[in-house]
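>>> Sequence first, predicted coordinates after that:
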Amino acid sequence: MTKTREPLAILKSLVAIFLIIFTLWAAQWQYHRGIDRHERNTLIAQQSSQVPIDLPREIENPLELEWRQIRTTGSFIPEKQILLRNRYFEGQYGYEVLTLFTNAEGKIFWVDRGWVKAGADATTAPITPPIPTEPVSIIGRLRLGTSLPSGSFFALPGGGKSGITSEINAQSRENTEDFYIDLLSGSTPALMPEVSAQLPELSDGPHMAYALQWLFFGGLVVYGRILIRRTR
C-alpha cells in the first residue's frame, strides 16, 4: 500500500520547529528569572540579618550596603515630609510617611518612618507620627531607589526606571543621596514606627515550574508533529 504524500509537510515542520524554538527560549527565560530571583532573595536575607553598622562617611559602592542595617545620628527636617499613596497593610489602605533627614556628616536622605492608616476618606489626611525636633540616632535598612525591579512582588514603595529617590526629589525639588532608609528603631520611643517598612516577600516564585511547563509544551509539539506524520 502506497502512502499518500502529506500536504504542506514542509510548512507544518517549519511551524513545529518555530514552536519548539519558542518553548525552549521561554523555558530558558523562566529558568534564568528563577535563578536571578533566588540570588536576589538570598542577598536580601543575608544583608538584612547582619548586625547594624555605622553609615560610612563616604559610600563608594552603595550596592554593597543595600539592605544592610545602618545607624546614624542627625536631625529630621519637619517641614520636609511627603506621603506615598496606595500602600496597604493587612488589607487596610494607607500611606508611607517619608521625612527628610540630615546626619552629622551632612548627608541628606529620606527616611521611611513607616505605614499609617488613611483618614476617614480620600480627602482626610492621615494622622502621622510626631517628628522629633532634637538630634536623634536612628537604625534602619539602607534601600536603593534604582537597584530593584519595580512592582508589588518586590514590595517597593515606588516604581519607574528612575527609582523612588529620583521621583520624590523631582516632586519635592530636593537634592538628596540616591538611597533612603527604612526606619526600624531610634534613640527615643517616639521614633519607633507603629508599622515599619516590610521586607519584600522572599519567595522564589513559580519560575522553575513555568520552565518545566514550557519544556512540556515543547514535547507536546514534537509528539503532535510525529502523530500527524504517522496518520498519513
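Yep, it's here.
>>> From now on I want contacts and neighbour counts done on CA atoms only, so please keep to that.
Will do.
>>> Which SSE is immediately downstream of the longest strand seen in the chain?
Longest strand of the chain, by residue count under DSSP state E: strand 69-89. For strand 69-89, the succeeding helix or strand toward the C-terminus, using DSSP states H and E, is strand 92-103.
>>> Please find the angle between the direction vectors of the helix or strand that comes right after that following strand and strand 69-89.
Remark: after strand 92-103, the chain's next helix or strand is strand 108-117, criterion DSSP H and E. Put simply, strand 108-117 runs at 40 degrees to strand 69-89, going by axes from the mean of the first three to the mean of the last three CA atoms, to 10 degrees.
>>> Next SSE downstream of strand 108-117?
Using DSSP H and E, the next helix or strand after strand 108-117 towards the C-terminus is strand 136-144.
>>> Mind listing the strands that next one pairs with, and their directions?
Sheet pairing of strand 136-144 (DSSP bridges) gives strand 69-89 (antiparallel), strand 179-186 (antiparallel).
>>> Out of these, the one nearest Arg113 is which?
Arg113 lies closest, by CA to CA, to one member of the strands paired with strand 136-144: strand 179-186, at 5.3 Å.
>>> for the record, mean pLDDT for the closest one?
For strand 179-186, the mean pLDDT works out to 88.
>>> Pull the next helix or strand after that strand out as PDB, backbone CA atoms only.
Of the helices and strands lying after strand 179-186 in sequence (DSSP H and E), the nearest is helix 207-230. This file holds the C-alpha atoms of helix 207-230, laid out as PDB (Å, rounded to 0.1, in the frame of the first residue of the first chain):
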ATOM      1  CA  HIS A 207       9.600  30.400  37.600                       C
ATOM      2  CA  MET A 208      11.100  26.900  37.700                       C
ATOM      3  CA  ALA A 209       7.700  25.300  37.400                       C
ATOM      4  CA  TYR A 210       6.900  27.500  34.400                       C
ATOM      5  CA  ALA A 211      10.300  26.500  32.900                       C
ATOM      6  CA  LEU A 212       9.300  22.800  33.100                       C
ATOM      7  CA  GLN A 213       5.900  23.700  31.800                       C
ATOM      8  CA  TRP A 214       7.400  25.200  28.700                       C
ATOM      9  CA  LEU A 215       9.600  22.200  28.100                       C
ATOM     10  CA  PHE A 216       6.400  20.000  28.400                       C
ATOM     11  CA  PHE A 217       4.700  22.200  25.800                       C
ATOM     12  CA  GLY A 218       7.800  21.700  23.500                       C
ATOM     13  CA  GLY A 219       7.500  17.900  24.000                       C
ATOM     14  CA  LEU A 220       3.800  18.100  23.000                       C
ATOM     15  CA  VAL A 221       4.700  19.900  19.800                       C
ATOM     16  CA  VAL A 222       7.200  17.200  18.900                       C
ATOM     17  CA  TYR A 223       4.700  14.400  19.700                       C
ATOM     18  CA  GLY A 224       2.000  16.200  17.800                       C
ATOM     19  CA  ARG A 225       4.100  16.600  14.700                       C
ATOM     20  CA  ILE A 226       5.100  12.900  14.800                       C
ATOM     21  CA  LEU A 227       1.500  11.900  15.300                       C
ATOM     22  CA  ILE A 228       0.300  14.000  12.300                       C
ATOM     23  CA  ARG A 229       3.000  12.400  10.200                       C
ATOM     24  CA  ARG A 230       2.100   8.900  11.100                       C
END
